[in-house]
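>>> Okay, predicted coordinates and the sequence, questions at the end:
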Amino acid sequence: MDSAVAVLDPLERTTEILFGVIMVLTFTSSISVVQSGQAETREVLVAALGCNVAWGIVDGAFYLMASFVQRARGLRLLRAIRESPDQTATHGLILTALPSPVSAVLTPPEVEKLRQRLRQWSPPSSRPLNRRDFVGALGVFLLVFLSTLPIVLPFLVVQQANAAMRVSNAIAVVMLFGCGWTLGTHTGRSGWHSGLLMVGVGLVLVAVTIALGG
């Protein structure tokens with residue numbers, strides 16, 4: 001798990017956890033709505049676990065697809081830079097590929113140096129997908145699935161449904177706040193502000209999903 005998580009950056013890790021939390025909340029919230037008995041509650045929890053397993057697999061597959069496309073686009077861009085006879089057009093390709101704060105401060109001579117270095121550099125041959133990609137896909141699956149467990153666990157260990165719901169909701173709010181805190185600090189913003197905002201946004205998304213029949 002540690003190696004899988006290390007492959008993903010903080011944004012990827014947090015968004016996958018957030019997705020898993022919102023998905024399982026749509027199921028646990030329906031328990032209080034229908035006020036089901038123990039058997040019905042167990043069916044809802046099994047459905048929640050199954051849904052997050054399925055979406056974990058889907059998200060892992062999407063991660064592999066994105067990795068493949070990103071690598072292919074990078075190689076295509078490198079070929080275009082190496083083979084284009086138009087220096088001005090090549091400079092435009094390089095600047096477009098760079099983050100805007102970086103491209104905004106580069107001078108034409110600096111871009112030309114990059115062009116020359118890219119023309120001389122031969123990338124190592126690599127497969128469309130490598131071990132790191134599959135480890136990342138595994139990390140995506142585990143994050144989506146494991147984020148289900150803390151929210152579901154109270155329904156399995158607490159006898160009273162109302163108490164289990166309160167504990168489960170409290171855990172979900174803490175997890176939403178943690179996701180917001182992580183995203184906020186990752187972008188250099190206030191963790192408290194981002195955490196509270198994420199709680200509000202997450203609860204609204206859950207309400208919208210339930211209202212639309214999700």
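Now that the structure is in, tell me what you want to look at. Residues are numbered from 1 along each chain as shown.

>>> Count residues in the vicinity of L8, would you?
For L8, the count of nearby residues is 19 (other Cβ atoms under 10 Å). Heads up, the C-betas are built off the backbone N, CA and C, glycines and all.

>>> Same question for W55.
Neighbour number of W55 under other Cβ under 10 Å is 20.

>>> name the helices or strands packed onto the host helix or strand of it?
According to DSSP states H and E, W55 maps onto helix 38-83. Helices and strands touching helix 38-83, by 3 or more Cβ pairs under 8 Å, 6 or more residues apart in numbering; DSSP states H and E, are helix 10-34, helix 87-97, helix 108-120, helix 131-146, helix 149-157.

>>> elements contacting the fourth one?
Secondary structure elements in contact with helix 131-146, counted by 3+ Cβ pairs under 8 Å, 6+ apart, are helix 2-7, helix 10-34, helix 38-83.

>>> Could you dump these into a markdown table with mean pLDDT and distance to G195 added?
Converted to a markdown table, the helices and strands packed on helix 131-146 look like this (pLDDT from 0 to 100; distance: least, Cβ to Cβ, whole Å):
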| stretch | mean pLDDT | distance to G195 |
| --- | --- | --- |
| helix 2-7 | 59 | 20 |
| helix 10-34 | 78 | 11 |
| helix 38-83 | 85 | 23 |
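
>>> and of these, who's closest to L129?
Nearest to L129, of all the helices and strands packed on helix 131-146, is helix 38-83, at 5.8 Å by Cβ to Cβ.

>>> what's the angle between that closest one and helix 149-157?
If you take axes from the mean of the first three to the mean of the last three Cα atoms, to 10 degrees, helix 38-83 sits at 170 degrees to helix 149-157.

>>> what about helix 38-83, distance to the chain center?
Remark: helix 38-83 is offset 9 Å from the chain centroid, using Cα atoms, centre = their mean, to the nearest Å.

>>> Equivalent analysis for stretch 145-153, please.
17 Å.

>>> and what of stretch 173-186?
For stretch 173-186, the separation from the chain centroid amounts to 13 Å (computed by Cα atoms, centre = their mean).
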